[in-house]
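Asks: 3D model of this:
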Amino acid sequence: QVQLVESGGGLVQAGGSLRLSCTASGRTFSSYAMGWFRQAPGKDREFVAFISWSGTRTRYADSVTGRFTISRDNAKNTVSLQMNSLKPEDTAVYYCAAESLQYGLGSPDSNEYNYWGQGTQVTVSS
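Replies: Take a look at the predicted model:
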């Protein structure tokens, strides 16, 4: 069984920064791509960013490109999301997820991920 635990959410003013972290246990973390998704009230869950198992491939949603950076530290079983220049529309519950395919390159499709964290709330005030 894989457990993913997110941390780092909170309340921040527009233009501010937050760093989310997700720590994994129970599986060989370094062999799997990881993703961040978010869900705002009344909206569907949406893709934010992913990083391949090796860390060499990343991809971002258009809405966060240039502002968010995903990274991973396989020695610490951690994936992080640095969020800068935050906007009120970034307000959501943020989830990290582990891709089901070993040695995967990552995907923006949430159906490709079979383990999810409990989520962490990010609120950006205007």
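
Asks: and stretch 12-20, what's buried?
Replies: The neighbour-count check on stretch 12-20 (16 or more other CB atoms under 10 Å) flags 12, 18, 20 as buried. To be clear about C-beta, it is placed using only N, CA and C from the backbone, and glycine gets the same treatment.

Asks: wait, stretch 92-109
Replies: Within stretch 92-109, the residues that count as buried by 16+ other CB under 10 Å are 92-99, 104, 106-107.

Asks: and these, which is closest to Ala40?
Replies: The closest of those to Ala40 turns out to be Ala92 (CB to CB; 4.2 Å).

Asks: which non-adjacent residue is nearest Gln118?
Replies: Spatially, and ignoring its direct neighbours in sequence, Gln118 is nearest to Glu6 (6.8 Å; CB to CB, 6 or more residues apart in numbering).

Asks: buried set for the helix or strand hosting the one you found?
Replies: Applying DSSP states H and E as the criterion places Glu6 in strand 3-7. Residues 4, 6 are the ones in strand 3-7 that count as buried (16+ other CB under 10 Å).

Asks: let's see that strand as CSV, backbone CA atoms only.
Replies: Taking Å, rounded to 0.1, in the frame of the first residue of the first chain, the C-alpha atoms of strand 3-7 are listed here in CSV:
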residue,chain,number,x,y,z
GLN,A,3,0.6,6.5,1.4
LEU,A,4,1.0,10.0,0.1
VAL,A,5,0.9,12.9,2.6
GLU,A,6,0.8,16.5,1.4
SER,A,7,1.8,19.5,3.4
